[in-house]
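Novice: sequence below, structure please.
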Amino acid sequence: MKIRAGNLTPGDVLQLNDWRLHILKVEQDVGIAVLTSELDFLLHFTRHDVVNIERERSLRIPEPAESGVD
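Specialist: Model prediction:
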């Protein structure tokens, strides 16, 4: 899935080249700084950079009333 770097959250898995990097912390200031469990330094992006992620955290399933299904 492609998203803007400004939408990264802890728990996302960043796919960078052939690396799968598990995001532990995201700092937002002028740009985006991402701390991963695999690297001992921050990765920096602009808010508008497009990155590939694989979401591992469980997504909330909407209630039937929210999805329009009776």
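Novice: which of the three states applies to Phe41?
Specialist: coil (DSSP: H, G, I helix; E, B strand; the rest coil).
Novice: measure Arg47 to Arg20 for me?
Specialist: Using C-beta to C-beta, to the nearest Å, Arg47 is found at 23 Å from Arg20. Any C-beta I mention is one placed from the backbone N, CA and C, and that applies to glycine too.
Novice: and Glu38, by the same measure?
Specialist: Distance from Glu38 to Arg20, by C-beta to C-beta: 8 Å.
Novice: which non-adjacent residue is nearest the residue most central in space within the chain?
Specialist: By C-alpha atoms, centre = their mean, the chain has its centre lying nearest to Leu8, at 3.2 Å. Leaving out its chain neighbours, the residue that sits closest to Leu8 by C-beta to C-beta, 6 or more residues apart in numbering is Val26, at 5.1 Å.
Novice: gap between the helix or strand hosting the one you found and the chain center?
Specialist: Secondary structure assignment for Val26, by DSSP states H and E: strand 19-28. Relative to its chain's centre, strand 19-28 lies at 7 Å (C-alpha atoms, centre = their mean, to the nearest Å).
Novice: can you pull out the residues in contact with the following helix or strand past it?
Specialist: Later in the chain than strand 19-28, the nearest helix or strand by DSSP H and E is strand 32-36. Strand 32-36 is contacted from outside by 5-6, 8, 14, 21-27, 42-47, 49, using C-beta atoms under 8 Å, 6 or more residues apart in numbering.
Novice: out of the residues you listed, which end up buried?
Specialist: Among these, those classed as buried by 16 or more other C-beta atoms under 10 Å are 5, 8, 14, 21, 23, 26, 43, 45.
Novice: picking up where we left off before, the residue nearest to Leu8 and Asp18, how far apart?
Specialist: Distance from Val26 to Asp18, by C-beta to C-beta: 22 Å.
Novice: how about Lys2?
Specialist: 17 Å.
Novice: also Val34?
Specialist: 18 Å.
Novice: if you rank every helix and strand of this protein by mean pLDDT, what lands last?
Specialist: helix 64-67 (a mean of 51; mean pLDDT, DSSP states H and E).
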